[in-house]
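Colleague: Build the 3D model from these lines:
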Amino acid sequence: MAERIYSVDAMRIVAMVPIVLIHTDPFQGYSLYGNMFNFATKTTARFAVPFFFLTAGYFFALKTTSRDPTRYFVARAKRITSLYVFGLALAAPVFFIGALVRARLSGRNVVDSALGTLAGFLSPVELLYYGTSVSEILWFLPALLFSFAFVYAFVRTNRTALLLPAALCLHAVGLLGASYTMFVDVPFEIRDALFFGVFYTSLGYTVYARDWRPTAEASGRYLVLTVCFALAQLGELSLLGYVVPGEPFGQSVYAPSYAITTALLSLSLFLFLLSRPDLGSSTRLPRWGKYAVGIYVTHPAVLYVLQGVHDALTAAGYAVGETVAWHLALTPATFFGALAVYLTAHELGIIDIDGSHVPRVPRLRNAGSE
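Modeller: Numbering: from 1, shown residues only. Here you go, the predicted model:
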């Protein structure tokens, strides 16, 4: 199979929409039907983050099967780290200023709030491993880095046959701590590399390493399976969030996490994309795929600003959160606002979309120097 898979490249930018949607919570609290809509959309959107882990693992195998895995791992580690640094550098000032403003408006001590916020930002475990010290949204990047390291360790020691079984065992613990909490209380955070990212990255690696090459003739079956598993996931999370606890459906929104059917949905979608590698090749979506990660790292700050606007308008007597227009506009405003910030940072020379994302002082351009 060719290294360029247009369908996967296109899905990168498409999958960013449900990721942003998860964080913008459209129609949550708007009405009973609004809560039901919010639950359905957030549940269905859960395929998006696993898709990115699957893709990362798949291309790790593709790029290293007949090449030096160390060189590829180091290159990916540098890029992920630079993206994380960029995300922190953008979000930290915005969140810090927001914390000070909120402290001032609520009558709390601004200095104490500043020191507490900084201490939270610099918490070593949350900063370096969980990726939640500044914004919980940024957890994906450290999780991806450590997931790569886990896979690399198995590849380097020629233990790839054990990779997926080991990752599956760890993920089972993660599912118990995330969704099946009625069976056991897992006393630690499980939305991380070890209990989540490692499994999907290993699964993507295994798809390529085991020479799983879905054909175009099978694409229809994979598409049907994707739809069926999406409905099954909706049912599974409905049971876990409402039926088992005995909660009335739609009165409040159960924040869906990842479940057993999430893996089946994500894998069937990924196999469908592999079976149709030229899907989207005639559109601009594959070229826009490289912007997906940029939207991811910039949208926490953009969303925080938009939420601040919401709070300011509400305090001024304009209940925009109770309007359909606000709920319809927030997701696209966050998505395209994040894209605009990302492209602007590139145009100003602060980052290089095709290279390092570690922020740097823009080079001054002298129009008359040439």
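Colleague: all contacts plus neighbour counts: C-alpha atoms, from now on.
Modeller: Fine.
Colleague: mind listing the helices in the chain by residue range?
Modeller: For the chain, the helices defined by DSSP state H occupy 6-24, 32-44, 48-64, 69-106, 110-121, 124-125, 140-156, 163-178, 198-209, 219-238, 260-275, 285-288, 292-315, 324-347.
Colleague: So which of these is nearest P187?
Modeller: helix 163-178 (7.9 Å; C-alpha to C-alpha).
Colleague: Could you list the low-pLDDT ranges of this protein?
Modeller: Scanning the chain for pLDDT under 70 picks out 1-3, 363-370.
Colleague: Quick check: nearest residue in space to the residue nearest the centre of it, chain neighbours excluded?
Modeller: Residue closest to the mean C-alpha point of the chain, counted by C-alpha atoms, centre = their mean, is V49 at 4.5 Å. Of all residues not flanking V49 in the chain, I19 sits nearest, at 7.2 Å (C-alpha to C-alpha, 6 or more residues apart in numbering).
Colleague: if we can go back for a sec, which one of the helices of the chain is the most hemmed in?
Modeller: Mean neighbours per residue, mean count of other C-alpha atoms under 10 Å, is largest over the helices of the chain for helix 198-209, with a mean of 25.
Colleague: other SSEs contacting it?
Modeller: helix 48-64, helix 140-156, helix 163-178 (3 or more C-alpha pairs under 8 Å, 6 or more residues apart in numbering; DSSP states H and E).
Colleague: Which one of the ones you listed lies nearest to V302?
Modeller: Comparing those under C-alpha to C-alpha, the one sitting nearest is helix 140-156, at 17.5 Å.
Colleague: I'd like to check the angle between the closest one and helix 48-64, please.
Modeller: Here helix 140-156 runs at 40 degrees with respect to helix 48-64, directions being taken by axes from the mean of the first three to the mean of the last three C-alpha atoms, to 10 degrees.
Colleague: can you dump the C-alpha coordinates of helix 140-156 into PDB?
Modeller: Extracted in PDB, the C-alpha atoms of helix 140-156 (Å, rounded to 0.1, in the frame of the first residue of the first chain):
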ATOM      1  CA  PHE A 140      -3.400  14.000  24.200                       C
ATOM      2  CA  LEU A 141       0.200  15.200  23.400                       C
ATOM      3  CA  PRO A 142       2.000  13.700  26.400                       C
ATOM      4  CA  ALA A 143      -0.200  10.600  26.100                       C
ATOM      5  CA  LEU A 144       0.900  10.200  22.500                       C
ATOM      6  CA  LEU A 145       4.600  10.800  23.300                       C
ATOM      7  CA  PHE A 146       4.500   8.100  26.100                       C
ATOM      8  CA  SER A 147       2.500   5.800  23.900                       C
ATOM      9  CA  PHE A 148       5.100   6.100  21.200                       C
ATOM     10  CA  ALA A 149       7.800   5.300  23.800                       C
ATOM     11  CA  PHE A 150       5.900   2.200  24.900                       C
ATOM     12  CA  VAL A 151       5.500   0.900  21.300                       C
ATOM     13  CA  TYR A 152       9.200   1.700  20.600                       C
ATOM     14  CA  ALA A 153      10.300  -0.300  23.600                       C
ATOM     15  CA  PHE A 154       8.600  -3.400  22.300                       C
ATOM     16  CA  VAL A 155       9.900  -2.800  18.800                       C
ATOM     17  CA  ARG A 156      13.400  -2.200  19.900                       C
END
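Colleague: hang on, L145 packs against A77?
Modeller: Yes: between L145 and A77 there is a contact at 6.1 Å, judged by C-alpha atoms under 8 Å.
Colleague: what's the span of stretch 284-299 from first residue to last?
Modeller: Start-to-end span of stretch 284-299 (C-alpha to C-alpha, to the nearest Å) is 22 Å.
Colleague: Of all the helices of the chain, which one comes closest to R191?
Modeller: Using C-alpha to C-alpha, the nearest of the helices of the chain to R191 is helix 163-178, at 7.3 Å.
Colleague: what does the closest one rub up against?
Modeller: 151, 154, 183-187, 189-191, 194-196, 198-199, 202-203, 206, 257-260 (C-alpha atoms under 8 Å, 6 or more residues apart in numbering).
Colleague: cutoff 10 Å now
Modeller: 147, 150-155, 160, 180-206, 256-260 (C-alpha atoms under 10 Å, 6 or more residues apart in numbering).
Colleague: now the angle between helix 140-156 and it, please.
Modeller: 150 degrees.
Colleague: Alpha carbons of helix 163-178, as CSV, please.
Modeller: In CSV, the C-alpha atoms belonging to helix 163-178 read as follows (Å, rounded to 0.1, in the frame of the first residue of the first chain):
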residue,chain,number,x,y,z
LEU,A,163,2.6,-5.5,22.3
LEU,A,164,-1.1,-5.6,21.7
PRO,A,165,-1.9,-8.2,24.5
ALA,A,166,0.0,-6.1,27.0
ALA,A,167,-1.7,-2.9,25.9
LEU,A,168,-5.1,-4.6,26.0
CYS,A,169,-4.6,-5.7,29.6
LEU,A,170,-3.8,-2.1,30.6
HIS,A,171,-6.7,-0.7,28.6
ALA,A,172,-9.1,-3.1,30.5
VAL,A,173,-8.0,-1.4,33.7
GLY,A,174,-8.6,1.9,32.1
LEU,A,175,-12.2,0.9,31.1
LEU,A,176,-12.9,-0.2,34.6
GLY,A,177,-11.7,3.2,35.9
ALA,A,178,-13.5,5.2,33.2
